[in-house]
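In: requesting a structural model of the entry that follows:
(one chain, ligands or ions: 1)
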Amino acid sequence: MSEHSNELTAWDRDHFFHPSTHMGMHARGETPTRIIARGEGVYITDTNGRTSLDAFAGLYCVNVGYGRQKISDAIAAQAKNLAYYHAYVGHGTEASITLSNMIIDRAPKGMSRVYFGLSGSDANETNIKLIWYYNNILGRPEKKKIISRWRGYHGSGVMTGSLTGLELFHNLFDLPRAPILHTEAPYYFRRLDRSMSEEQFSQYCADKLEEMILAEGPDTIAAFIGEPILGTGGIVPPPDGYWQKIQAVLEKYDILLVADEVVTGFGRLGSMFGSDHYGIKPDLITIAKGLTSAYAPLSGSIVSHKMWQVLVEGSDKMGAIGHGWTYSAHPICAAAGVANLELVDELGLVENAGSTGAYFRAELTKAVAGHRHVGDVRGDGLMAAVEFVEDKDDRRFFDPSRKIGPQVSAALLERGVIGRAMPQGDILGFAPPLCLSREEADIVVKAAAAAIESVLGK
Ligand code: PMP
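Out: So this is what the prediction gives:
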């Protein structure tokens with residue numbers, strides 16, 4: 001390690017407060033500091049010269065892969081020409097206006113406008129405010145509660161951390177806050193009654209939702225939010241018929257639907273949007289990660305015609321909307337977004353996510369599903385997960401203190417591949433860049449099988 005690397009490591013331990021990190025262990029040097037220096041394609045390299053195949057695309061966001069000249073050129077040109085101007089009171093830039101048009105062009109039917117933010121969390125924060133504003137305009141001030149799902153992930157803010165259905169994001173933060181409620185996770189592998197078919201389990205989830213709506217009073221429930229496929233909660237595709245049954249309940253009680261497509265937007269499932277993929281008809285869509293492939297921070301709330309018309313009525317009554325971020329539609333981020341979406345088309349990455357994704361998941365299943373401690377291999381498009389169990393027959397899970405998931409992901413890293421130990425349960429997740437080739441998929445599968453064997457035996 002160079003002297004400068006040692007110095008960086010010391011500064012890191014002393015001054016950098018890392019997100020989602022064990023603070024004490026990191027500060028004491030008990031967990032490694034890895035300083036990432038550069039990236040190219042699906043690979044990243046650290047300051048020690050160690051290269052890893054990033055099969056999680058950062059945090060499932062570097063969809064076009066690392067080192068794309070087209071995007072870095074667009075960012076540089078925009079920074080030179082006009083680094084910033086705000087989007088308040090009708091201001092725009094060529095990049096932000098072009099990008100909003102490109103997004104609506106690609107969005108599911110019925111979508112009208114994009115409100116830009118910087119992160120998935122702030123976009124969901126905007127969604128919550130738009131939902132409340134909408135019901136206030138419609139004269140329904142009681143209709144404010146939002147139902148999310150256990151194991152859903154929607155951000156880390158006060159309200160969006162409340163929407164998130166993972167205890168780690170609630171504990172010691174006094175979350176969740178009212179008026180957020182959580183219903184059943186559509187997690188077929190972990191269903192309590194194992195005699196249920198997927199369709200029956202979907203009906204069970206829809207019934208649980210309806211029960212909650214009736215118990216709370218339908219006039220108090222404003223919206224339901226869900227990721228098309230659960231992401232951070234364990235990479236869990238919806239069971240058969242799930243979204244159809246959930247939507248039938250929402251329609252019955254006039255409840256808005258928010259599709260959180262921060263992970264699935266712009267191709268990850270082999271369709272431009274997860275909503276199209278699973279037949280979801282949302283009133284709002286959250287987008288972030290794949291919008292710029294994380295070359296610059298940018299998110300958005302896509303608003304349907306149905307909601308837009310009401311919002312316009314509101315401003316005709318009450319004036320300009322009192323909601324804005326300084327960096328909303330930041331031109332450098334928007335320029336990155338335009339170049340990124342063009343690249344997604346030019347390289348055929350949506351199609352590749354579908355075809356290479358199917359190949360990757362089939363090979364992964366062949367390689368590891370027979371292992372005595374692998375309970376489930378699942379996924380869709382270029383998202384996959386392997387869930388470990390102590391006993392396969394009675395589906396008994398490992399004691400969390402054994403940290404089987406983190407051990408397997410560490411063993412995978414030793415073999416040159418990055419997967420993610422998902423935060424709740426012993427689950428190894430994959431969400432590689434959408435440009436993954438079959439040869440690269442083979443490398444991931446081989447390393448995953450070897451890593452599992454090294455931790456859990458044959
Ligand atoms: N929604 C979903 C579905 C996510 O996966 C994430 C982040 N992983 C977020 C929202 C929050 O995004 P951010 O971290 O950019 O705030």
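In: nearest residue to the residue in the stretch 351-458 of the chain that the ligand sits nearest to other than its sequence neighbours?
Out: Closest contact between the stretch 351-458 of the chain and the ligand, by CB to the nearest ligand atom, is at A431 (9.9 Å). Yep, even glycine has a C-beta here, placed from its N, CA and C like the rest. Excluding its sequence neighbours, the residue lying closest to A431 (CB to CB, 6 or more residues apart in numbering) is Y60, at 3.8 Å.
In: run through the residues of the stretch 51-200 of the chain sitting next to the ligand.
Out: Residues of the stretch 51-200 of the chain found near the ligand (CB under 6 Å from any ligand atom) are 59, 119-121, 124, 153-155.
In: with respect to the ligand, which of those residues is nearest?
Out: G120 (2.2 Å).
In: ok so, going back, what residues does the residue nearest to A431 make contact with?
Out: By CB atoms under 8 Å, 6 or more residues apart in numbering, the contact list for Y60 reads 231, 263, 268, 289, 383, 431.
In: just to revisit the earlier point, show me what contacts the residue of the stretch 351-458 of the chain closest to the ligand?
Out: Applying CB under 8 Å, 6+ apart, the residues near A431 are 55-57, 60, 231, 235, 263, 268, 382-384, 420.
In: any idea how far the most centrally placed residue in the chain is from A27?
Out: With the centre of the chain defined as its mean C-alpha position, the nearest residue by CA atoms, centre = their mean is V263, 3.3 Å away. V263 sits 31 Å away from A27, going by CB to CB, to the nearest Å.
In: cool, D12 as well?
Out: D12 is 10 Å from A27, by CB to CB.
In: what do these two both touch?
Out: Overlap of the contact sets of D12 and A27 (by CB under 8 Å, 6+ apart) is empty.
In: tell me, how many residues neighbour T98?
Out: Applying other CB atoms under 10 Å, we find 16 residues neighbouring T98.
In: likewise P237?
Out: P237 has 22 nearby residues by other CB under 10 Å.
In: report the contact partners of it.
Out: Contact analysis of P237 by CB under 8 Å, 6+ apart lists 229-230, 378-380.
In: please redo it, this time with the cut-off set to 10 Å
Out: The contact partners of P237, by CB atoms under 10 Å, 6 or more residues apart in numbering, come to 186, 188, 228-230, 269, 274, 277-278, 378-381, 383-385.
In: what do you get for D219?
Out: Neighbouring residues of D219 by CB under 10 Å, 6+ apart: 140, 142-143, 145, 213, 253-254.
In: ok, of those residues, which one's closest to the ligand?
Out: Among the contacts of D219, and counting by CB to the nearest ligand atom, the member closest to the ligand is K145, at 19.6 Å.
In: name the nearest residue to the closest one, sequence neighbours excluded.
Out: Skipping the residues right next to it in sequence, K145 comes nearest to P179 by CB to CB, 6+ apart, at 4.2 Å.
In: do a quick rundown of the helices in the stretch 301-450 of the chain.
Out: For the stretch 301-450 of the chain, the helices defined by DSSP state H, counting those that start in this stretch cover 305-318, 331-346, 349-368, 404-414, 438-456.
In: okay, those, which one's buried deepest?
Out: When the helices of the stretch 301-450 of the chain are scored by mean count of other CB atoms under 10 Å, the highest mean neighbour count falls to helix 331-346 (a mean of 23).
In: anything in that helix near the ligand?
Out: No: using CB under 6 Å from any ligand atom, we find that helix 331-346 stays clear of the ligand, coming within 12.4 Å at best.
In: okay, the angle between that helix and helix 349-368?
Out: 70 degrees (axes from the mean of the first three to the mean of the last three CA atoms, to 10 degrees).
In: what is the rounded mean pLDDT of helix 331-346?
Out: If you average the pLDDT over helix 331-346, you get 98.
In: helices or strands up against it?
Out: When contacts are defined as 3 or more CB pairs under 10 Å, 6 or more residues apart in numbering; DSSP states H and E, helix 331-346 packs onto helix 69-81, helix 94-106, strand 111-117, helix 349-368.
In: the third one: how far from the chain's middle?
Out: Meaning strand 111-117. The chain centroid and the centroid of strand 111-117 are separated by 18 Å under CA atoms, centre = their mean, to the nearest Å.
In: and what of the first one?
Out: Between the centre of helix 69-81 and the centre of its chain there are 26 Å (CA atoms, centre = their mean).
In: okay, angle between it and helix 331-346 too, please.
Out: Going by the same axes, to 10 degrees, helix 69-81 makes 160 degrees with helix 331-346.
In: alpha carbons of helix 69-81, as PDB, please.
Out: Extracted C-alpha coordinates of helix 69-81, given in PDB (Å, rounded to 0.1, in the frame of the first residue of the first chain):
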ATOM      1  CA  GLN A  69     -17.000   8.300 -22.300                       C
ATOM      2  CA  LYS A  70     -20.300   9.500 -23.700                       C
ATOM      3  CA  ILE A  71     -21.700  10.400 -20.300                       C
ATOM      4  CA  SER A  72     -18.500  11.900 -18.900                       C
ATOM      5  CA  ASP A  73     -18.300  14.100 -22.100                       C
ATOM      6  CA  ALA A  74     -21.900  15.200 -21.600                       C
ATOM      7  CA  ILE A  75     -21.200  16.100 -18.000                       C
ATOM      8  CA  ALA A  76     -18.100  18.000 -18.800                       C
ATOM      9  CA  ALA A  77     -19.700  20.000 -21.700                       C
ATOM     10  CA  GLN A  78     -22.700  20.900 -19.500                       C
ATOM     11  CA  ALA A  79     -20.400  22.000 -16.600                       C
ATOM     12  CA  LYS A  80     -18.500  24.200 -18.900                       C
ATOM     13  CA  ASN A  81     -21.400  25.700 -20.700                       C
END
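In: what's the angle between that helix and helix 94-106?
Out: Using the same axes, to 10 degrees: helix 69-81 against helix 94-106 is 140 degrees.
In: same question, the longest one
Out: On the basis of the same axes, to 10 degrees, helix 349-368 is oriented at 60 degrees to helix 94-106.
In: which neighbouring elements make contact with helix 349-368?
Out: helix 331-346, strand 374-380, strand 383-388, strand 427-430, helix 438-456.
In: the residue of the stretch 251-400 of the chain found nearest the ligand - how many residues pack around it?
Out: For the stretch 251-400 of the chain and the ligand, the shortest gap (CB to the nearest ligand atom) falls at V262, measuring 3.5 Å. Using other CB under 10 Å, V262 is surrounded by 29 other residues.
In: picking up where we left off before, need the helices and strands packed on helix 349-368 in CSV (columns: distance to L163).
Out: CSV is the format used below for these (distance: least, CB to CB, whole Å):
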stretch, distance to L163
helix 331-346, 24
strand 374-380, 22
strand 383-388, 20
strand 427-430, 20
helix 438-456, 31
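In: what's the next secondary structure element after the helix or strand bottoming out on mean pLDDT in the chain?
Out: For the chain, the helix or strand with the lowest mean confidence is helix 3-15, at a mean of 91 (criterion: mean pLDDT, DSSP states H and E). On the C-terminal side of helix 3-15, the closest following helix or strand by DSSP states H and E is helix 23-27.
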